[in-house]
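S.K.: structure of the sequence below:
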Amino acid sequence: MKLEKIINEIEKILPTKTAEEFDNVGLLLGKTDVECNKALVCHDVTDEIIDEALNNKCQLVISYHPLIFKSLKKINYEDRIGRIITKMIENKLSLYSIHTSFDNLKNGLNFDLGKILNLQNQKKLIPKKNSLMKLTSYVPNGYLDIVLNSLYKAGAGEIGNYSNCSFSAKGEGRYLGSKESNPKFGNKEELTKTSEIFINLIFPSHRKKEIIESLINSHPYESVAYEITKIENKNPDLGLGSIGVLPISMTEKKFLEYLKNKLPVSVLRHSRFTKNKIKIVSVLAGSGAFAIDTAINNKADAFITGDLKYHDFFKSDNKILLVDAGHFETEFFIKNKLQELLKEKIPNFAFIRSKINNNPVKYF
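M.R.: As a prediction, the model looks like this:
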């Protein structure tokens, strides 16, 4: 199978257009026209991961974190990143990275972290802005369900926990076909009046191409009238972080003990106790200090993330319990989830889960 085909299938599940602007996702190394029969799924790319991929005769490494994140000015074999890139090129290994294209999914990384903590009624902590569009079109009587069902299948009409959402109203359409036209109703060079139905649906902007193709392919007219507009509504299905509710409220001390039982961590760094019960919990796996204010504004009792700095803990200001559970420790399940997702959606390809735990942080 060509690598290009594998990438196309991956990006149907994890569109690169949904990733954050600061990120570097997609094919980072390799050519799309090479044969690819096996991929190693890992958390981070290290020397050990490359050896593991080669020992398993993989042609592709799929990593969660991108190996190349900031701009590279040189590729030096003495440098870790340069050494790994060189070794991959020498062994014709391709590299594809996922990162926030998975985080931002409706049921992505942070939703899974929330499930581990038994959070209920989860929603996005930071819904993505400027990621929704609205389609308007006009469908003749008798074709409404055909067109709508095609658009739903392409990803239109989903709002939160609801699918197949649309608005329609009856009206009259008019057109005058030229000599070269082939009208579905009426005759060439004659003004035609026909009963039509006005339709409105929203869709995620990264599905624009599929939505237009679906509309044109399912619509009976040879020239389909439609408009697409950007809308400013926040997208409840895309974005970073998650916020939900614990089954029962608990004291802060009990909550920290609860976290230690749920996550692979023996030590938790946290802010001063607020003396409030913990019920509403927000999470952002990995590095999430930038979302502290958002968690507070959403009335969360606790915020779980990693990589908090000294001064970040002051931001709790007796309003929220901040918990640094570790970058890797809040993402520990990512290899399993990615492999499960890829195997489910692309069953005719071999995805191997790495056996290496490459958390660079050690505790004494």
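
S.K.: list the contacts for the residue lying closest to Arg272 once chain neighbours are set aside?
M.R.: Sequence neighbours aside, Ser316 is the residue nearest to Arg272 in space, at 6.7 Å (criterion: CB to CB, 6 or more residues apart in numbering). Any C-beta I mention is one placed from the backbone N, CA and C, and that applies to glycine too. When contacts are counted by CB atoms under 8 Å, 6 or more residues apart in numbering, Ser316 is found next to 271-272, 274, 292, 322.

S.K.: in ChimeraX, how would I select just the buried ones from those?
M.R.: Only the buried entries of the contacts of Ser316 go into this ChimeraX selection, using 16 or more other CB atoms under 10 Å:
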select :271,274,292,322
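
S.K.: so which of the contacts of Ser316 belong to helices?
M.R.: Residues of the contacts of Ser316 located in helices (DSSP state H): Ile292.

S.K.: now the contacts of Ser316 in TSV, with pLDDT and distance to Asn8?
M.R.: Converted to TSV, the contacts of Ser316 look like this (pLDDT from 0 to 100; distance: CB to CB, whole Å):
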residue	pLDDT	distance to Asn8
Ser271	98	45
Arg272	97	50
Thr274	96	49
Ile292	98	38
Leu322	98	41
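
S.K.: can I get the contacts of Ser316 in a markdown table including distance to Ser94?
M.R.: Shown next, in a markdown table, are those (distance: CB to CB, whole Å):
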| residue | distance to Ser94 |
| --- | --- |
| Ser271 | 43 |
| Arg272 | 48 |
| Thr274 | 49 |
| Ile292 | 38 |
| Leu322 | 39 |
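
S.K.: ok, which stretches of the stretch 1-150 of the chain are helices?
M.R.: 3-13, 47-55, 80-90, 100-103, 109-116, 144-154 (DSSP state H, counting those that start in this stretch).

S.K.: among these, which is nearest Glu257?
M.R.: Glu257 sits nearest to helix 109-116 of all the helices of the stretch 1-150 of the chain, at 15.3 Å, using CB to CB.

S.K.: so what touches that closest one?
M.R.: Contact partners of helix 109-116, identified using CB under 8 Å, 6+ apart, comprise 102-103, 105, 122, 125, 240-242, 244, 262-263, 281, 283-285, 304, 330-331, 333-334, 337.

S.K.: next one: stretch 213-220
M.R.: Counting by CB under 8 Å, 6+ apart, 135, 137, 139-140, 143, 146-147, 149-151, 153-154, 156, 184, 224, 226 sit against stretch 213-220.

S.K.: also stretch 4-22?
M.R.: Counting by CB under 8 Å, 6+ apart, 25-27, 32-33, 36, 39, 60, 62, 96, 98-105, 128, 131, 204-206, 238, 240, 341-342, 345-346, 349 sit against stretch 4-22.

S.K.: out of the contacts of stretch 213-220, which end up buried?
M.R.: 135, 137, 139-140, 143, 147, 150-151, 154, 156, 224.

S.K.: tell me how many other residues crowd Leu117.
M.R.: Leu117 has 19 neighbouring residues, counting by other CB atoms under 10 Å.

S.K.: ok, the closest residue in space to it that isn't next to it in sequence to Thr86 distance?
M.R.: Leaving aside its sequence neighbours, Leu117 sits nearest to Lys262 (CB to CB, 6+ apart; 5.6 Å). Lys262 is 40 Å from Thr86, where distance means CB to CB, to the nearest Å.
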